[in-house]
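Enquirer: Generate a structure from the sequence data that follows.
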Amino acid sequence: MTGKKIRRRTPVRLKQIKNVANELSYWTNSSVNLDGFLEQAHFQGVDLILIDRAPMVMKIEIRGKWSWYPTIRGIKKWEVERFWVAVDDGAIPFLKNGADCMGAGIHIADPEIDLGDFVWIRDQETGDPIATGIALSDGEEMMKMTNGKAIQTIHWIGDDLWSIEL
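Expert: Numbers count the residues shown, from 1 in each chain. The predicted structure follows:
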């Protein structure tokens, strides 16, 4: 455990954060259910939505615009099937240490991904989410890359947000 705590926890009603559900539904291309005890909170410079005390949604800036995106827990809960990149076993230990995702480790990428999109990285074998980040090239280009960074990592299994004391 990190010993770091979530700050400024405030209970909210679904109608107060309806825009969050709408943004997530647009990104996932399906209806996102925000049922449970809802709280807004702050953790290390990131605004969060907690569902039943777990950080499920984070607000980040992409292309100069602040928007809401799922955390790894949210991706698991809502079984997101868009904007993903599958990596081989060789990339996973580096990603779990917070490294950016290199193009050489990517085997399959959602062709809908555009430069600057929020994406999630999954294990090629199991499909489990490993990290989230910002695409540094489009999905088609990522599959062709043999070197260089393809994704700037934001959140990964094992980081402070993942290991947070609930």
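
Enquirer: Might you report the residue contacts of Pro11?
Expert: Going by C-beta atoms under 8 Å, 6 or more residues apart in numbering, Pro11 touches Phe37, Leu38, Glu39. C-beta here means a position set from N, CA and C on the backbone, and glycine is covered the same way.

Enquirer: What values do phi and psi take at it?
Expert: When read as degrees, to the nearest 10, the backbone of Pro11 gives phi -60, psi 140.

Enquirer: pLDDT score for it?
Expert: On the pLDDT scale, Pro11 is placed at 95.

Enquirer: List the beta-bridge partners for it.
Expert: Under the criterion DSSP bridges, Pro11 forms beta bridges with Glu39.

Enquirer: Next one: it from Ile51, what distance?
Expert: According to C-beta to C-beta, to the nearest Å, Pro11 and Ile51 sit 12 Å apart.

Enquirer: list residues touching both of those two?
Expert: Jointly contacting Pro11 and Ile51 under the rule C-beta under 8 Å, 6+ apart are Phe37, Leu38.

Enquirer: List the contacts of the spatially most distant residue from the centre of the chain.
Expert: In the chain, the residue that sits farthest from the middle, by C-alpha atoms, centre = their mean, is Thr146; the gap is 24.2 Å. By C-beta under 8 Å, 6+ apart, the contact set of Thr146 is Gly103, Ala104.

Enquirer: Confirm it sits in a helix?
Expert: No: remark: Thr146 does not belong to a helix; assigned using DSSP: H, G, I helix; E, B strand; the rest coil, it is coil.
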